[in-house]
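*Asks:* Predicted model and sequence below, questions to follow.
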Amino acid sequence: MDELVVCSDLTKRFRRVTAVDGLDLTVGKGEVFGFLGPNGAGKSTTLRMMVGLVRPTRGTVKLLGHNVWKNRRAALKKTGALIEEPAFYKYLSGRDNLRIISSTGDGRSRKDIDEVLDTVGLLDRARDKVKSYSHGMRQRLGIALAIVGKPDLVLLDEPTNGLDPEGMKQVRDLIRRLSTDLGMTVFLSSHLLHEVEQICTRVAVINKGKVIESGKVKDLLASADSYEIRVDSTEKAAAAIERFGKASVGSVSGSRLLVELAGADVSELNRFLVENGVAVSALIPQKRSLEELYMKLMQDSNNGRQQ
Amino acid sequence: MIRLIRIELFKMSKRPRSYLGFAAFLVINILFMLGLKYGGLDREVMGSIGNGGGVSVIGSPVNAEFMTWMAGASPLAVPILTMFMPFFVCLIFGEIFAGENAEGTVRTVLSRPITRWEFFTAKFAASAIYAAGLVFFLGISAYIIGIIFFGRGGLLTTGSLDKLVITWYGEREGLARLALSYLLTFMGMMTVGMVAFFISAWLNNTMGAIGGAIMLLFAMFIVGAIPWFKPIKDYLFGTHLLVGTKVFLDPIPWPEISTSLICLGAYIAGLFIISMLIFSRKDVLA
């Protein structure tokens, strides 16, 4: 099976509010998939529908090839999830929490539980009651619960929330290891763009319940409409670009211009420059950060445009 | 399912509030025992039986079985059966969903490969076991304390709450009637508990579930006491809550007990089904 997550036309309405609107999404085996969006975009509602906590108004979710609402046990058997802030029985120890909650599935041995506690750095606090844990420790315990038993698919909703910078790095490294060393597929919901850019292979950006962009991180960042153009005369080129009308010059440095395209193809601009007597020696796509791309997508989406 | 029930019982066992009812009943039994042993309560009790029934009592029938009858099946037990026990049962039944919802653990557990039906049924079964444990703890602790301080013997009772008949049963028969009485009391407590269970699954509010169930019980007592409501009295679960006291009549009024059991059973089944439907359809947003 190549696609471990398939959401088709997934929609959730809460009375008059549409939290998720016709969402289509697939996550392939072995991917670390980033699910980006601002607060209230519908990320958590989507994740809740994915594990069957919230019933979709329309559409379906399949995990590992099984419909979550029709064959819940099979869909979640090899799926681990951390949905929003991890909640545990505070009056029980970390180990007891993992033992009793994970035993609602197949049941896990003490060795399995201690292994994941060690992985998240909580083995020495395993006997302490969860009420004595810090927020970060609870977060790590939530991750431990999600990965106990080595599931094929791990759904993580803001897993670095409340962690200090060192803790965030540890979690990022852990997520990488889940994919590279353990072969797990990771679905990571986050609004921390730096985190997603560093970890994920593919992303989907959601706003107002709709996916407004998706694709491989590498492609999305490279396909930005910003180019560095090397020319013989920057003055002549700048004047030509102004006449072209569907691009603007951002900055000029030596023989280089940073140009932002607005609805035109780069080959179109190249042809125009050459026809206007500008010698173009290079057109270099500019790699933007995910943050820049995200901000542009949000701006476009909020202005009613979709790329 | 057995594993899930064991998990629920394990969770209950780790919460101090689960022991409140047991501790309270132990204290009540000890107070009964002290009153009977050192306060001359046995003479007063025997005197009142003798005066009311026109019988003379030779010696003292105060023993383990009498203690057990006093604690959970006699007129003295009415406050326990109508207030304390419903409260302690509702404390657990009302918290079972609402508490988990408030803490967010229902989200954690239901993100696992477990169906809502299994989760719900395990909670119901664990609650039922708790209610049975509480009811029978009252009786068994009274019996054990009774043996320690007064020894064993037959059972002297005053019949049921609404029909005073002084009756003496041999030790085995007395014990059997006491067991049956406590079993019927368990059915009554399950019914009250199920109201809290239903509110807990519906509103996700622990205090609302406990308060709502107790309020409903008292409302039924009040309505049942008003003659105008006589036609519906038999359909109110409050009317049947003390059905356990009827087994001390001779012969046992089986038709009356059956009617009570059908009514209580219908409430339990109905509330179970409605709660299950509500729980299985609701979105977990906590």
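*Replies:* Arrived safely, thanks for sending.

*Asks:* which residue sits closest to B:Ile7, ignoring its sequence neighbours?
*Replies:* Leaving out its chain neighbours, the residue that sits closest to B:Ile7 by Cβ to Cβ, 6 or more residues apart in numbering or on different chains is A:Ile100, at 4.8 Å. Quick note: C-beta positions are derived from backbone N, CA and C, even for glycine.

*Asks:* ranges for the strands of the stretch 51-200 of chain B?
*Replies:* B:155-159, B:164-169 (DSSP state E, counting those that start in this stretch).

*Asks:* Parallel or antiparallel, list what pairs with the shortest one.
*Replies:* Okay, so that is strand B:155-159. strand B:164-169 (antiparallel) (DSSP bridges).

*Asks:* Pull out the buried residues from the partner strand.
*Replies:* For strand B:164-169, the buried set under the neighbour-count rule, 16 or more other Cβ atoms under 10 Å in any protein chain shown, comprises B:Tyr169.

*Asks:* What average pLDDT does it get?
*Replies:* Mean pLDDT, strand B:164-169: 79.

*Asks:* Quick check: residues of chain B near chain A?
*Replies:* Residues of chain B lying close to chain A by Cβ under 8 Å from any Cβ of the partner chain are B:3-4, B:7, B:10-11, B:14-15, B:103-105, B:107-115, B:119, B:281, B:283-285.

*Asks:* what about the residue of the stretch 151-300 of chain A found nearest chain B, which SS state?
*Replies:* As assessed by Cβ to the nearest Cβ, chain B sits closest to A:Leu155 within the stretch 151-300 of chain A, at 8.2 Å. What DSSP: H, G, I helix; E, B strand; the rest coil gives for A:Leu155 is strand.

*Asks:* So what sits opposite it in the bridge?
*Replies:* A:Ala81, A:Phe187.

*Asks:* How about the contacts made by it?
*Replies:* A:47, A:50-51, A:79-83, A:146, A:187, A:189 (Cβ atoms under 8 Å, 6 or more residues apart in numbering or on different chains).

*Asks:* Recalculate using a threshold of 7 Å.
*Replies:* A:47, A:50-51, A:79, A:81, A:187 (Cβ atoms under 7 Å, 6 or more residues apart in numbering or on different chains).

*Asks:* how about the residue lying closest to B:Arg112 once chain neighbours are set aside, secondary structure?
*Replies:* Spatial nearest neighbour of B:Arg112, chain neighbours left out: A:Thr104 (4.5 Å); criterion: Cβ to Cβ, 6+ apart. Following three-state DSSP, the label given to A:Thr104 is coil.

*Asks:* thinking A:Thr104 is in contact with B:Thr115, fair?
*Replies:* No. With contacts counted by Cβ atoms under 7 Å, A:Thr104 stays clear of B:Thr115, the gap being 10.1 Å.

*Asks:* Of those two, which one has the most company?
*Replies:* A:Thr104 (21 against 14; other Cβ atoms under 10 Å in any protein chain shown).

*Asks:* What separation is there between that one and A:Thr119?
*Replies:* 21 Å (Cβ to Cβ, to the nearest Å).

*Asks:* cool, and A:Lys90?
*Replies:* 22 Å.

*Asks:* okay, the two: which has more neighbours?
*Replies:* Ranked by neighbour count (other Cβ under 10 Å), A:Lys90 and A:Thr119 place A:Thr119 first, with 18 against 14.

*Asks:* Run through who's touching the strand or helix carrying A:Ile175.
*Replies:* Taking DSSP states H and E as the definition, one finds A:Ile175 inside helix A:165-180. Residues from elsewhere that reach helix A:165-180, judged by Cβ under 7 Å, 6+ apart: A:30, A:32, A:119, A:136, A:143, A:147, A:154, A:159-160, A:163, A:184, A:186, A:188, A:195, A:198-199.

*Asks:* Helices - which of the residues you listed land there?
*Replies:* Among the contacts of helix A:165-180, DSSP state H puts A:119, A:136, A:143, A:147, A:195, A:198-199 in helices.

*Asks:* which of these are close to chain B?
*Replies:* Near chain B, taking Cβ under 7 Å from any Cβ of the partner chain as the test, no member of the ones in helices among the contacts of helix A:165-180 is found.

*Asks:* can you pick the most crowded of those residues?
*Replies:* Most surrounded of the ones in helices among the contacts of helix A:165-180: other Cβ under 10 Å gives A:Ile143, at 26 neighbours.

*Asks:* so what's it up against?
*Replies:* A:82, A:120, A:159, A:171, A:174.

*Asks:* Show the buried residues in those.
*Replies:* Buried among those by 16+ other Cβ under 10 Å: A:82, A:120, A:159, A:171, A:174.
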